[in-house]
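Participant: give me coordinates for this.
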Amino acid sequence: MKLETERLIIQELTAKDASFFYNLVNDPDWLRFIGDRNVNSITDAKDYLTSKIIPCYEKFGFGFYIVKTKEGNYSIGTAGLIDREGMEHIEIGFALLPEYRGKGYAYEATKEIMKYASTELKIDPIVAITDLENIKSAKLLDRLGLRFDKNIQLPDFEKPSKLFIPKN
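Facilitator: Numbers count the residues shown, from 1 in each chain. The predicted structure follows:
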């Protein structure tokens, strides 16, 4: 799977993305809002990718994708779809390295993935969750056409999450 927007390339993660992935999942905001994945080395990152992320492409036909800039081919974040235990519907998720936030990249990537999910994968509806304190992600979800519905407690989550559902 490979998607392109005006500024971005969105494609499947591979084991070669381990160094980038290590940096992303150890970003303080990732740890605060998404949680510690116990990825403490590049080897851990490679193992996480090959055991948890990459198998989703075959199992579900979708997953999380690496987001790269067309200009310079920089790996800037991930965005994608997840079939999470405890959730009734498929959800959209995203995370960017700090230096790429606030530039519209997350919106551009997630909007394209949601379009792909709807038209190609026939996934409807698409929902999302955020940490209770993640105001910036909540604003982005609103721009994507999702609205806050309620707080939920998911299995294996230490604290509740905000559930966002389509506005219509």
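
Participant: residue boundaries of the strands in this protein?
Facilitator: According to DSSP state E, the chain carries its strands in the segments 2-4, 8-12, 64-69, 75-82, 90-96, 126-131, 146-152, 161-166.

Participant: can you add mean pLDDT and give those back as a markdown table?
Facilitator: As requested, these are arranged in a markdown table below (pLDDT from 0 to 100):
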| stretch | mean pLDDT |
| --- | --- |
| strand 2-4 | 97 |
| strand 8-12 | 98 |
| strand 64-69 | 98 |
| strand 75-82 | 98 |
| strand 90-96 | 98 |
| strand 126-131 | 97 |
| strand 146-152 | 97 |
| strand 161-166 | 97 |
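
Participant: nearest to residue 23, out of those?
Facilitator: strand 75-82 (8.9 Å; Cβ to Cβ). No exception for glycine: its C-beta is placed from N, CA and C like everyone else's.

Participant: hang on, the earlier thing: I'd like the strands of the chain as a markdown table, with mean neighbour count and distance to residue 18 appended.
Facilitator: As requested, these are exported to a markdown table (neighbours: other Cβ atoms under 10 Å; distance: least, Cβ to Cβ, whole Å):
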| stretch | mean neighbour count | distance to residue 18 |
| --- | --- | --- |
| strand 2-4 | 12 | 20 |
| strand 8-12 | 18 | 14 |
| strand 64-69 | 23 | 11 |
| strand 75-82 | 24 | 11 |
| strand 90-96 | 21 | 16 |
| strand 126-131 | 22 | 25 |
| strand 146-152 | 14 | 31 |
| strand 161-166 | 19 | 27 |
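
Participant: got these as TSV, with distance to residue 120 columns?
Facilitator: Listed next are these as TSV, based on distance: least, Cβ to Cβ, whole Å:
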stretch	distance to residue 120
strand 2-4	10
strand 8-12	13
strand 64-69	13
strand 75-82	11
strand 90-96	13
strand 126-131	13
strand 146-152	20
strand 161-166	18
